[in-house]
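[1] With the input below, show me the fold.
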Amino acid sequence: MNIKSILNEGISILKKSKIPNPQLESEILLSNSIKKDKKYIILNHKEATFKKIETICINNASKGCQLIVFPESFIPGYPRGLSFGTTIGERTETGRQQFADYYNHSFDLKSNDLVRLEILCREQNIFLVIGVTEKQEVSGSLFCSMLFISPSNGLLGVHRKLKPTGSERIIWSEGDAKDLVTFNTKIGKLGGLICWENYMPLARMSMYLKGVEIYIAPTADSRKQWTATMQQIAMEGRCFVLGCNQYMTTALYPDKYRKEVSHLDENFCPGGSVIVSPQGTILEGPLFNKSGVLVTELDMEDIKKNKLDFDVIGHYSRDDIFKFEVINQPEIKNNN
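    Here you go, the predicted model:
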């Protein structure tokens, strides 16, 4: 594995084809963070966020990246520390306005938001997996979503978080089985779960059953224990795991929210993005306490090698004892 570069904008995995078989090697990029620069304030600043995404993608596509991954709710930003004016049994008008602001800056699949990313992927010849807060104009609900976008076919599908965690349930609705999507692409079989969904054993199993090879886990969890979770999933599923988190500080919040998040440490989300092999070996990262990009090369043959002694959906599954069913999960979608 060759480390191609260490950049200063996010987290990145590269997988570069050197031989005719595209399943053997490919390039991936995970984006992690934002500079402490006023123009890069991202929470509820959609245009600045889009420009950041475009800069990262263009810069890294020129270096050979084939897959670029951004963290949980990168658009319009993960709203850590905000209460949206809620306590049990009460809501405030200030909180309702805060929700309206967050809603207005969220991602609309039926707008130019998606078109803009699809054009970016096509022009740069990259796959893009990005965490967004998705709004649905008809229902008025928000979802914590992960978009899978192809350079040739545009939006492949959307995974919506099955169970928002704690007070996330104030602002995010729940996804369902149809959102447990997986994709067979020229760079490998893609799938994944968002943040603490990854602590749901049966949700993980739904990914393994589709043969996911590159398991993508955008998150807002910057605890050091998260690294162990990523290693566990890699070893359990015998897949590459891309754990992607933001590096965020209170300085990145708009001025009107600074008072509400004053209780947070300045460096309240120190990152922790990491790349893990099917053996649970850390290939790059974890990246803490700074903005950065991890770049490495993945050999897809490692997946086959590590099925020798463990295959959670094959010779180590004991289907004669255990039965598992996911109701209404889509079949893996081909995009070769």
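[2] From here on, just use CA atoms for contacts and neighbour counts.
    Fine.
[3] tally of neighbours for Gln225?
    Counted with other CA atoms under 10 Å, the neighbours of Gln225 add up to 10.
[4] Please apply the same query to Ile194.
    Here the number of neighbours of Ile194 (other CA under 10 Å) works out to 27.
[5] Hmm, Tyr215 and it touching each other?
    No: in this structure Ile194 lies outside contact range of Tyr215 using CA atoms under 8 Å: 10.6 Å.
[6] How are the helices of this structure distributed by residue range?
    46-61, 93-104, 112-124, 201-208, 225-237, 301-305 (DSSP state H).
[7] any idea how far Ser222 is from Pro270?
    Relative to Pro270, Ser222 is positioned 6 Å away (CA to CA, to the nearest Å).
[8] quick one: which of the helices of the chain is nearest Gly285?
    helix 225-237 (9.2 Å; CA to CA).
[9] Tell me the bridge partners for the spatially most central residue of the chain.
    Geometric centre of the chain, nearest residue: Pro218, 2.9 Å, by CA atoms, centre = their mean. Here Pro218 sits in beta bridges with Cys244, going by DSSP bridges.
[10] quick one: it and Ser277, what's the gap?
    17 Å.
[11] about what we covered before: contacting residues around the residue nearest to the centre of the chain?
    If a contact means CA atoms under 8 Å, 6 or more residues apart in numbering, then Pro218 has 70-72, 131, 193-195, 242-245 as its contacts.
[12] Please identify the deepest-packed of the helices of the chain.
    helix 225-237 (a mean of 21; mean count of other CA atoms under 10 Å).
[13] just how off-centre is that helix within its chain?
    Helix 225-237 sits 15 Å away from the centroid of its parent chain (CA atoms, centre = their mean, to the nearest Å).
[14] Distance check, the residue nearest to the centre of the chain against Leu193.
    7 Å.
[15] Over to Tyr199?
    In this view, Tyr199 and Leu193 are 10 Å apart by CA to CA.
[16] Arg169: which of the helices of the chain is closest?
    helix 93-104 (12.7 Å).
[17] Not counting that closest one itself, show me its contacts.
    With CA under 8 Å, 6+ apart as the test, helix 93-104 has contacts from 44, 76, 83-86, 135, 142, 171.
[18] residue contacts, Ala203?
    193, 197.
[19] Stretch 272-290: how far from the chain's middle?
    How far stretch 272-290 lies from its chain's middle: 14 Å, per CA atoms, centre = their mean.
[20] For that stretch, measure first residue to last.
    Span of stretch 272-290 from end to end, CA to CA: 9 Å.
[21] what sits up against that stretch?
    Here stretch 272-290 has contacts from 11, 13, 32, 222-224, 226-227, 230-232, 234-235, 237-247, 267, 270-271, 294-296, 302-303, 306, using CA under 8 Å, 6+ apart.
[22] Leaving out sequence neighbours, find the closest residue to Asn198.
    Once flanking residues are discounted, Asn198 sits nearest to Arg204: 6.4 Å by CA to CA, 6 or more residues apart in numbering.
[23] Return the distance of the spatially closest residue to Val132 that is not a sequence neighbour relative to Phe107.
    Using CA to CA, 6+ apart and skipping the chain neighbours, the partner closest in space to Val132 is Ser73 (3.9 Å). Separation of Ser73 from Phe107 (CA to CA): 9 Å.
[24] Give me the residue ranges of the stretch 1-150 of the chain where confidence is low.
    Low-confidence segments of the stretch 1-150 of the chain (pLDDT under 70): 1-44.
[25] can we see that at 90?
    1-48, 60, 63-65, 81-82, 136-140 (pLDDT under 90).
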